[in-house]
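Asks: my questions concern the predicted model and sequence given below.
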Amino acid sequence: MIHTTLLATCCLAGAFADDESDYYAVDYLTPPDGAVLEVGGMDFLPDGRLVLSTRRGQVWIVENALADDPNDARFTLFAEGLWEGLGLKVIAGDIYVMQRAELSRLLDLDDDGVCDQIDTVADDWGVSGNYHEFAYGLPVDADGNFYVTLNVGFFSPKWWHGKSTVPYRGWALKIAPDGTVSPFASGFRSPCGVGMSPAGDLFVTDNQGDWMPASPVFRVREGGFYGHPASLDWTEDYRNTESLSSDTVPPARAATDREPAAIWLPYKWSRSPGNLVWDETGGRFGPFGGQTFIAELTNGMVLRGDFEEVDGVLQGWVVPFRQKIGSTVRLAFAPDGTLFTGFTNRGWGGLAPADGIGRIRWRETVPFEIASVHLLGQAADAPPGFTVRFTAPPDPDWSAAATADPTAKLSVTQYDYDYWWEYGSPERETVELSVASIDVNENELTFRVDGLEAGRMARVQFFDLASTTEQTLLHDEFAYTLNRMPGTPAGTYTPPIARIVPPPPARESGEEGWLRLTYGDATDAWLFSGWELVEAKLDPADPTRFTTTKGDSHLTNTAGDFPSNYVSRAQFADARIVLDFTLPEGGSADLFVMGCYAIRLSDSEAAPTLTAEHCGAVVGGEGFESHAPEFHAYRGAGQRHTIEIDFEAPRFDASGSKTANARFVRIKIDDVLLQENVEMPGPSAGALTQEASAGAFVIAPNGPIAIGNVRVRPTASGEESTEEGWTPLIDLEADDPLADWIVTEDGTWYVEDEVLIGEGPRSHLFSPRRDFRDVEVRAEMKVSDGGNSGIFLRAPLAKMDWPKGYEAEVNSSFADPNRTGSLIGFSPVLTHLVAPDTWFEYRIRCQTDSEGTHVTLRVNGIVVNDWVDELNAYPVGHIALQQHHDGSVIEVRRLEVREL
Amino acid sequence: MTRTKPTLFDARRVALVCLASCIQVASADAQDKDAAELFIANCARCHGETGDGDGTAELDRPARSFKDGGFSYGNTPEALFRTISIGIPGTPMPGFDTSMTEAERRLVAEYVVTLGPQVREVEVEETILVVDERPLVVRGLLPAIDPGAVAHPRGLLLGSVSGLTFEYRADDVRLLGVRQGAFVERKDWSGRGGSALQPLGKVVYLADGGLPEPLFGLLDASGAATALTAKLESTWVIAQDVGLVYRLQHEDATRVVRVRESVSAVGTSLGTGFRRHLSFFDAEADAALRIRMPATGERRDAFTLRTPNGGARDWTVYAHDDGTFECIGIIAPGDTPAEFALTADTETEVDYVVLVAPEWTDTIKLGLAEVSDR
């Protein structure tokens, strides 16, 4: 893409190509054979040679980097062995490189072109060894102070929460010439780009992710907080009070003292910005002198923008500048006005090329572009608006058309973001605004917009705008970060863009309420014979059958000669049931919800009219017809499909008479809705049970079938669930909720934000009362990944060791086959019914009668364990909670008891 | 994401059904087809059939286009597997850990990368650094040098031309051990980076089991020593020599003295040992230092030998549990072995040599006399 001829000046009537490459040429240097130049820093030596540092810890010096022919550039390896090098600065001929763990000065003592000595200028910050702890730089102010920024770390298992586990991760630091490091500003996540404006202000770009709704450009002031809470752990406040920032709850400071971004880069333009530079070339890089250019890695481009200050608040606009360059992470202006681009995307991916150096040069022709944007406050009876200056006057026809009907020629949209812990934010509260008036005066377009307000982003797009020089507007859209409106009365607070919202439910609540009936142990929750856990594929010799090999992805009825139905042990009523199925050629099966109401699965073929023989039909019964599916979502034999069934059980009154029919509310296969609101006046043909208020889920195949991932989310339990008689066992809102409770051994139990938390080494929390007999306990709780706990009923006090009593186990992923739902010592549940780190409801009921002690365990409302201890091992005792081991965390947000 | 009318996408799906019935199983082609099928079945709704981000699902923000490269949490197979398994919390990207098996998710992870620009394969050979004519100094995260030791985020490897690698922790400059053989593999040059270096040489000397205490102590009037911490100032390579400069300091970080250390191999007829030649300069005041002897091992012998250059070296021999004998030979000014004085305006030279012998005999003792002064 090398254009070596310069074009003549612009006025070629009507024939102008209007492509970025017509105005700004891009070419690439050729690195030496075998050298991989993943650029991290670039600067120029006094004699004009380019110096660059790379992610491989090399520093290269390039001669003739400005030659017309990029192949003339000559690379010499100056230094190697550094730990990355994501910032480089030349000061008075000395090369400084920002490594991961130190700021270094590289010296060539004997002038042989090779670095002999690497001085540690500063290293006074934490490096934990986490892979993501990049360190970036490297602007220098007039006093010789360096500015660097540190990435937070991302650790397993919840790698989406950035953390600052060692000093100053997530901070910008100031490093004095003597190497003294002082914390400068906090609240950063992945502050990849650091730059200093000609006026001496520090600017930092960050990358979208947790607490960063999009990618921002910040002007950074000393002591400022820029949004990501993890770094606050190193502030005086937090250290003095031994506080740690929350992963999910916004810090208090976010509401009062969070710095705004000067520019929020729209998501479609930027996912991963790098550094920013200012055009001080004195006109050699085009008509945008003084403006800011921003590197963008993922989309492989450079953006352009500028700032203005309103009441001391910095805000600005941004447009794309030059696209399709390569994964640009570093920009540097050369003395001759060339803009050098350094590439890397290793580990994340982005537009090719993924490494190397590019050069952007102005072709000395002025494009038709937005030259600048200026925000106007309210004026007399006119609403706020913008003055946009272009590089040439708009075509008078356009101006006339726009004045007559602004909506045809420009659109203005405002939107906000959410400031929250989740990865990025969609645009929120997007509104189209109407343009009240337009005025064109030579190069300037002033337009006023009804409803334009501060605390919002503004997106303005122009349509069909050409200039009097017959060029089309090269980039027809800008984004303006409207932090503050001119003319706002002093002292009025404008909340920053990216409003605080209540924390969304933690990720794991996607699992909340579900019972996973084939997870972990695929068969323990079922009654069956002739089924096995395998890897199943269609038999190529006979596609009406499966061939099975060792594996765990399918449950198939292929073991033994006469496999039975697959019948759940648990009984369900209203529920959402989801499972995967694969049929062989000609295969079919019936899914009997509650053992009674059937959905037909069959290896059917699409047809213009679908019938009861097609996959997804509801099977009729006495007095009512079958119901064909609306669409044929079934794709064919050997294909794995997911069926999702929303079902309502029939209702009965006290005398046992039916008051409402069962209903398939929705049936979907692979997200295609096949059935909606199909009422079931009675059982389907072939039903295995009578109608009742709850029943088992039955898979009744007519031949081979492979199933998997059976999950059920009950929406109401089949048994009568009364709210009466429950009293809190612990008042989680009280001042000292655990006052009379007995903590054994060395445990840590406390209540925070109305949640009881157990952690630390083994310990048990015993209730003050020790005389509980026939009771039911209801808890909403969650155990950590790898954690273990339990609820004891009728437990004698045990100050050491493991208590006795009826123990309802809490265990999703700890190495013990007894899972949540198990009654320890009596009746194990092997299937992992609930996921770790997921709230679930646990009810344990204990009642003694002539037969023995009945212990019934319900998980998410469903009876999963129903046992009779004929020997009445435990007659009376405390209710207790278990903290099993250091590393396990148990949380309880509700704990109630009801005496029977 | 419910659709109630057939869309163009459904029609394409029907076409896929016809294709699907021709599937032949059990071949590498089938493997690729499986990955593509899994992608279509699970991912295409949002990410588009070609991975261009143009799916039919309605999302609150655009799905990634894999064609342009660029993944939120990284494009390494491991990172992609993780994202596919768990999803991206808060975004429309769900986790597929219950709807696809591990094998299936790994297949899709490999597949999505192929939809975009070619990811450069980093060959192991290009990440192996070799010391040939000039020593090399490498900084990075060091894995534990020994099962009983720990990893060091701030690590230093000094590769000398003799084939010895000197392995230091840089955050309180201490020699962890010495290796012999190849130099290092930079495992942090692939994927997202930040992972540990892999020193390649065999450990021929381990300082105190890989958990060394500070080497120097400041002596007070009564002869008690307070350990001094060390702060790295620079690393250097001059011709074929390599070393460090560091500062010894009090607990309050005030300077005691600066040290220029040069490391090299020492050859004798008994085998190879190593030398740390130390120049003490810029002492803040007159002081006396002691060099700490090994923390483990039983002191077996102590004697002085003349060196080939006519100097005198004090030797101490320690017997270790593994049957080896650590022979430490120090040349330092002054009468007391391993103790020496610093003065504020002069430089003090100390030569510190270690040889590890398989046994302790008179022959070995004689061999030690071959070690020159510097």
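Replies: Ah, there it is.

Asks: do stretch A:356-369 and chain B meet at all?
Replies: No: looking at stretch A:356-369 against chain B by CB under 8 Å from any CB of the partner chain, there are no contacts, and the closest approach is 11.0 Å. Every C-beta, even on glycine, is put in place using the N, C-alpha and C of the backbone.

Asks: which sections of chain A are below the confidence cut-off?
Replies: Residues of chain A meeting the criterion pLDDT under 70: A:1-17, A:502-511, A:716-723.

Asks: so which residue is smack in the middle of it?
Replies: residue A:423 (3.2 Å; CA atoms, centre = their mean).

Asks: OK, contacts around it?
Replies: By CB atoms under 8 Å, 6 or more residues apart in numbering or on different chains, the contact list for residue A:423 reads A:160, A:208-210, B:72, B:88-91.

Asks: so which of those is the closest to residue A:886?
Replies: Using CB to CB, residue A:160 is the member of these that lies nearest residue A:886, at 24.9 Å.

Asks: now residue A:385, nearest residue through space, not along the chain?
Replies: residue A:448 (3.5 Å; CB to CB, 6 or more residues apart in numbering or on different chains).

Asks: ok, now which ones touch the one you found?
Replies: Counting by CB under 8 Å, 6+ apart, residue A:448 touches A:376, A:382-385, A:435-437.

Asks: farthest-separated two in those?
Replies: Maximum distance among the contacts of residue A:448 (CB to CB): 12.9 Å, for A:376 and A:435.

Asks: how many neighbours does the residue of chain A found nearest chain B have?
Replies: For chain A, the residue closest to chain B is residue A:422, as judged by CB to the nearest CB, at 2.1 Å. Each residue near residue A:422 was counted by other CB atoms under 10 Å in any protein chain shown, and the total is 20.

Asks: before we move on, what about residue A:165?
Replies: 16.

Asks: neighbouring contacts of the helix or strand hosting residue B:354?
Replies: Assessed by DSSP states H and E, residue B:354 sits inside strand B:348-357. If you take CB under 8 Å, 6+ apart as the criterion, strand B:348-357 is touched by B:178, B:204-205, B:266, B:268, B:270-281, B:283, B:291, B:313, B:324-333, B:340-342, B:364, B:368, B:371, B:373-374.

Asks: stretch A:429-440: how far from the chain's middle?
Replies: 33 Å (CA atoms, centre = their mean, to the nearest Å).

Asks: if you could redo that for stretch A:132-149, that was the one I meant.
Replies: 29 Å.

Asks: what number of residues lie near residue A:389?
Replies: By the measure other CB under 10 Å, the count of residues near residue A:389 is 14.

Asks: who's it bridged to?
Replies: For residue A:389, the beta-bridge partners under DSSP bridges are residue A:372, residue A:444.

Asks: one step back: what is the nearest of the contacts of residue A:423 to residue A:775?
Replies: The closest of the contacts of residue A:423, once distances to residue A:775 are taken by CB to CB, is residue B:89, at 37.7 Å.

Asks: the closest one: neighbour count?
Replies: Counted by other CB under 10 Å, the residues lying close to residue B:89 total 22.

Asks: isn't it up against residue A:159?
Replies: No: judged on CB atoms under 8 Å, residue B:89 makes no contact with residue A:159 at a distance of 10.0 Å.

Asks: ok so, going back, ok, then the element right after the strand holding residue B:354?
Replies: helix B:362-368.

Asks: so where do the strands sit in the stretch 801-900 of chain A?
Replies: Ranges of strands in the stretch 801-900 of chain A, per DSSP state E, counting those that start in this stretch, are A:806-810, A:840-849, A:852-859, A:862-869, A:878-883, A:890-899.

Asks: surely residue B:111 meets residue B:42?
Replies: No: at 10.9 Å, residue B:111 does not count as touching residue B:42 under the criterion of CB under 8 Å.

Asks: what's near enough to touch the residue lying closest to residue A:531 once chain neighbours are set aside?
Replies: Of all residues beyond its chain neighbours, the one nearest residue A:531 is residue A:557 (5.1 Å), with distances taken as CB to CB, 6+ apart. Shown in contact with residue A:557 (CB under 8 Å, 6+ apart): A:530-531, A:563-564, A:566, A:701, A:704-705.

Asks: can you flag the buried ones in the residues you listed?
Replies: A:531, A:563-564, A:566, A:701, A:704-705 (16 or more other CB atoms under 10 Å in any protein chain shown).

Asks: make a markdown table out of those residues and add secondary structure.
Replies: Putting the buried ones among the contacts of residue A:557 into a markdown table (DSSP: H, G, I helix; E, B strand; the rest coil) gives the following:
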| residue | secondary structure |
| --- | --- |
| A:531 | coil |
| A:563 | coil |
| A:564 | coil |
| A:566 | strand |
| A:701 | strand |
| A:704 | coil |
| A:705 | coil |
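
Asks: could you identify the most distant pair in those?
Replies: So, the buried ones among the contacts of residue A:557 by CB to CB: farthest apart are A:564 and A:704, at 13.8 Å.

Asks: any low-confidence regions in chain B?
Replies: Using pLDDT under 70, chain B drops low at B:1-33, B:90.
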